[in-house]
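**Q** Quick one: sequence plus predicted model below, questions after.
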Amino acid sequence: MTGWLGPEEWQAVALSLKVAAWATALSLPPGILVAYALARWRFRGKQVLNALVLLPLILPPVVTGWVLLLGFGRNGPIGGWLEAQFGLVLAFRWTGAVLAAAIMAFPLMVRAIRQGIEAVDPRLEEAAATLGAPRLAVFATVTLPLILPGLITGAVLAFAKAMGEFGATITFVSSIPGQTQTLSTAMFTLLQVPGGEGPALRLAAISVVIAVGALLVSELLARRAARRVAGA
Amino acid sequence: MSLQVDITHRLGEFALEVRFEAPTGITALFGRSGTGKTTVVNAVAGLLAPQAGRILLDGETLLDTARGIDLPAHRRRLGYVFQDGRLFPHLSVRRNLTFGQRFAPAGDGPDLDEVCALLGIADLLERRPQALSGGEKQRIAIGRALLSRPRMLLMDEPLAALDSARKAEILPYLERLRDRTEIPMLYVSHSVAEVARLATTVVVLDGGRAVRAGPAERVLSDPAMVRQIGLREAGAVLPARIARHHADGLTELAISGGRLFLPRMETPPGAQTRVRILAHDVILSRAAPEGLSALNILPVRIIALREGSGPGVIVQMQCGEDRLLARITRRSAEAMALKPDDAIHAVIKSVSVSRTDVGTG
């Protein structure tokens, strides 16, 4: 197999999977929180929050990457603070690729989860409260199980988006082989040199397999969860 | 155990200003739709915050807007049975039933077996809510509320979504609940038949206000309530005792003003029950009627005559210690020259009886 793809390409595949997995996992808790707030709470600045969440979807990804670089770069206000406090450097590291992918995938994830929450009858949550369940328990025992299909869809969408993220990633963390070079940036780099089409095509095939596989698994899980919820 | 409610809530054009007290037993919040019944129950449950007011349960403050107290719903410990059941679709019947148990404080209360026996739901435990009929769903909802060890049960039209066969299936369970448990209930309904059968106390809501409250027999037999109750449904509710069963298939009931004969009932002699006599099922006669097929004729004394806007007159009568209502035409009232204090006879065409022992009802 190693003859089929060079070690650098394999590194790119592995890094992409790692980045996408981390980006999905880390954005799930805030994704659920923001989706819940947008679906259920009434508060000032709700439209601002909504716009902010959707922003990466509309902005040119290069702009998002650049904003990240300005904010989270080693000289940026947040990046500098993170490095001074925790020794955490994001710019031009794989951790930065996680951040870029998470932010780009966040709108898709929030949208899917929000739709799931809006489909849950809030009167079921009221019923749980009258039975003595505190708010968090209501969320854990009623809301969460009922939004599981939406949660799975949101996570898979986010994972797929994170796998394919390009613009913000290459702007923020560049494409350093073995460090920040993901599937997409590796393909782009390969296409820039003569004779790179072969490996690029193989990477493209791998990304198609991963994407379709993720979609199939999510369909299966979501359908099973929906069946459990509907109890049929 | 008593619940005191005194709340004000304004919703656009609609102003709710309700004040009443619910003692032990079943207190029915009665009124037509749009009179604010559900708003009141939701405020008691803590699902809606009224703009001003106080709600006390057994002296404990659940809500006091003046003092800034608003106990959240999950800390009020009131079981709520909703009109639409609201069972959790992702849980089995068993896990629906036991949902509230883990949040309830330790103490006595019915356990799963007792509740299953009371409501006849033992065979449904492993089913999914989607596989239940409407009547079964409501029984599970009642069981679920009971198992959360509530201090009081709130029921918002629990039978309204059911057809009459399903209603008839559930009513005996509600009567059993009332007679076998100590838990007081606030029961919202727009059905006089349900209220007459179940309630010990009735609070009549009209236009966002509690216009009348008192023992069920008194309130339902009040001619002033005919408008709220509706002409066709107006009637008297009287406590009765099963006196004996006759060989010809009739059951004799003793009421304070005489005896009633009804088709055979299963209830054993000595049991207390409650009869409902609709105003349009009562015929009045000055002389003691003879040669009449009707069995049930009671001597009564007229208390008051009340004219409505139509051609009818509601006659309120004393019958022993209880009251009867009759709806007759104004023409008949004039022809018979009826006036308060007249001693006359009431011929009763039809009587409905609650099926079970109402205890002290």
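**A** Received, thanks. These numbers were taken from a predicted model, which means no experiment stands behind them. Numbering: from 1, shown residues only, chains lettered A, B, ... in the order given.
**Q** Model confidence for B:V219, exactly?
**A** The score at B:V219 is 89. That number is its pLDDT.
**Q** do you know how far it is from chain A?
**A** Remark: distance between B:V219 and chain A (C-beta to the nearest C-beta, to the nearest Å) = 28 Å. C-beta here means a position set from N, CA and C on the backbone, and glycine is covered the same way.
**Q** Could you name the helices and strands sitting against the helix or strand containing that residue?
**A** Using DSSP states H and E, B:V219 maps to helix B:216-220. Packing contacts for helix B:216-220, counted by 3 or more C-beta pairs under 8 Å, 6 or more residues apart in numbering or on different chains; DSSP states H and E, involve helix B:192-198, strand B:201-206, strand B:235-245, strand B:322-329.
**Q** which residues are in contact with the third one?
**A** When you say that, I think you mean strand B:235-245. B:192, B:196, B:216-217, B:220-221, B:251-256, B:259-260, B:264-265, B:267-281, B:319, B:322-325, B:353, B:358, B:361 (C-beta atoms under 8 Å, 6 or more residues apart in numbering or on different chains).
**Q** What residues sit buried inside that strand?
**A** B:G235, B:A236, B:V237, B:L238, B:P239, B:A240, B:I242, B:A243, B:H245 (16 or more other C-beta atoms under 10 Å in any protein chain shown).
**Q** Just name the closest of those to chain A, please.
**A** B:V237 (30.5 Å; C-beta to the nearest C-beta).
**Q** Please report the distance of the closest one from B:M185.
**A** Separation of B:V237 from B:M185 (C-beta to C-beta, to the nearest Å): 18 Å.
**Q** just to revisit the earlier point, show the buried residues in the contacts of strand B:235-245.
**A** The buried subset of the contacts of strand B:235-245 (16+ other C-beta under 10 Å) comprises B:192, B:196, B:216-217, B:220-221, B:251-253, B:255, B:260, B:265, B:267, B:271-281, B:319, B:322-325, B:353, B:358, B:361.
**Q** List the contacts of B:A43.
**A** B:V5, B:I7, B:H9, B:A49, B:P50, B:G53, B:I55, B:L63.
**Q** hmm, try it at 7 Å
**A** B:I7, B:H9, B:P50, B:I55 (C-beta atoms under 7 Å, 6 or more residues apart in numbering or on different chains).
**Q** now swap in B:G31 and tell me
**A** B:K37, B:H190, B:V204, B:L205, B:D206, B:Q228.
**Q** If you tally nearby residues, what's the number for the nearest residue to the fifth one once chain neighbours are set aside?
**A** Looking back up the chat, that one is B:D206. In space, and not counting its chain neighbours, B:D206 is closest to B:Q228: 5.2 Å by C-beta to C-beta, 6 or more residues apart in numbering or on different chains. By other C-beta atoms under 10 Å in any protein chain shown, 21 other residues sit near B:Q228.
**Q** can I assume B:Q228 sits in a strand?
**A** No. Per DSSP: H, G, I helix; E, B strand; the rest coil, B:Q228 lies outside any strand segment and is helix.
**Q** I'd assumed B:L205 was in contact with it.
**A** No. Between B:Q228 and B:L205 there is no contact under C-beta atoms under 7 Å: 8.2 Å.
**Q** Now do the same contact list for residue 159.
**A** Reading this off chain A. Contacts of A:F159 (C-beta under 7 Å, 6+ apart): A:A20, A:T24, A:A214.
**Q** Wait, chain B was what I had in mind.
**A** B:L159 sits in contact with B:K167, B:I170, B:E194, where contact means C-beta under 7 Å, 6+ apart.
**Q** can you confirm it is in a helix?
**A** No. Assessed with three-state DSSP, B:L159 is coil; it does not lie in a helix.
**Q** Please determine how far it is located from B:V226.
**A** The value you get for B:L159 to B:V226, if C-beta to C-beta is used, is 23 Å.
**Q** Now for the residue of the stretch 201-350 of chain B found nearest chain A, how many residues are close by?
**A** Proximity of the stretch 201-350 of chain B to chain A (C-beta to the nearest C-beta) peaks at B:V203, 20.9 Å away. If you count neighbours by other C-beta under 10 Å, B:V203 ends up with 26.
**Q** Looks like it contacts B:A210 (just checking).
**A** Yes. B:V203 lies in contact with B:A210 (C-beta under 7 Å); the separation is 5.2 Å.
**Q** Show me the common contact partners of these two, please.
**A** B:F20.
**Q** and the helix or strand hosting A:F172, average pLDDT?
**A** Per DSSP H and E: A:F172 is located in helix A:167-173. The pLDDT scores in helix A:167-173 average 92.
**Q** Give the other helices and strands that that helix contacts.
**A** Contact analysis of helix A:167-173 by 3 or more C-beta pairs under 7 Å, 6 or more residues apart in numbering or on different chains; DSSP states H and E lists helix A:61-72, helix A:94-118 as its packing neighbours.
**Q** Tell me which of these sits most buried.
**A** helix A:94-118 (a mean of 24; mean count of other C-beta atoms under 10 Å in any protein chain shown).
**Q** Measure how it sits relative to helix A:61-72, angle-wise.
**A** 110 degrees (axes from the mean of the first three to the mean of the last three C-alpha atoms, to 10 degrees).
**Q** Please see if helix A:94-118 touches chain B.
**A** No. Using C-beta under 7 Å from any C-beta of the partner chain, we find that helix A:94-118 stays clear of chain B, coming within 13.0 Å at best.
**Q** Distance to B:M152 and mean pLDDT for the helices and strands packed on helix A:167-173 - can I get that in a markdown table?
**A** Listed next are these as a markdown table, based on distance: least, C-beta to C-beta, whole Å; pLDDT from 0 to 100:
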| stretch | distance to B:M152 | mean pLDDT |
| --- | --- | --- |
| helix A:61-72 | 55 | 93 |
| helix A:94-118 | 32 | 94 |
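**Q** how about TSV for these, with distance to B:E114 added?
**A** Below are the helices and strands packed on helix A:167-173 laid out as TSV (distance: least, C-beta to C-beta, whole Å):
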stretch	distance to B:E114
helix A:61-72	61
helix A:94-118	37
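**Q** out of those, nearest to B:R128?
**A** helix A:94-118 (20.4 Å; C-beta to C-beta).
**Q** Determine the next helix or strand in the C-terminal direction from that closest one.
**A** That would be, after helix A:94-118 and using DSSP H and E, helix A:122-130.
**Q** For residue 169, which non-adjacent residue is spatially closest?
**A** Because you didn't say which chain, this covers chain A. That would be A:A100: by C-beta to C-beta, 6+ apart, it lies 4.7 Å from A:T169.
**Q** Actually, chain B is the one I wanted.
**A** Closest to B:E169 by C-beta to C-beta, 6+ apart is B:G135, at 4.7 Å.
**Q** and the one you found, what element?
**A** helix B:134-147.
**Q** Now that helix: average pLDDT?
**A** 92.
**Q** cool, stretch B:249-268 as well?
**A** 88.
**Q** okay, how far is it across that stretch, tip to tip?
**A** 14 Å (C-alpha to C-alpha, to the nearest Å).
**Q** again, but for stretch A:135-151
**A** First residue to last in stretch A:135-151 (C-alpha to C-alpha) measures 20 Å.
**Q** Now do it: everything it contacts.
**A** For stretch A:135-151, using C-beta under 7 Å, 6+ apart, the contacting residues are A:112-113, A:115-117, A:120, A:124-125, A:128-129, A:133, A:222, A:225-226, A:229, B:88, B:90.
**Q** circling back to that earlier point, might you calculate how far the helix holding B:G135 sits from the centre of the chain?
**A** Here helix B:134-147 is found 18 Å from its chain centre; the criterion is C-alpha atoms, centre = their mean, to the nearest Å.
**Q** Taking helix B:134-147 as reference, get the angle to the helix or strand that that helix is followed by.
**A** Sequence-wise, the next helix or strand downstream of helix B:134-147 (DSSP H and E) is strand B:152-156. Put simply, strand B:152-156 runs at 150 degrees to helix B:134-147, going by the same axes, to 10 degrees.
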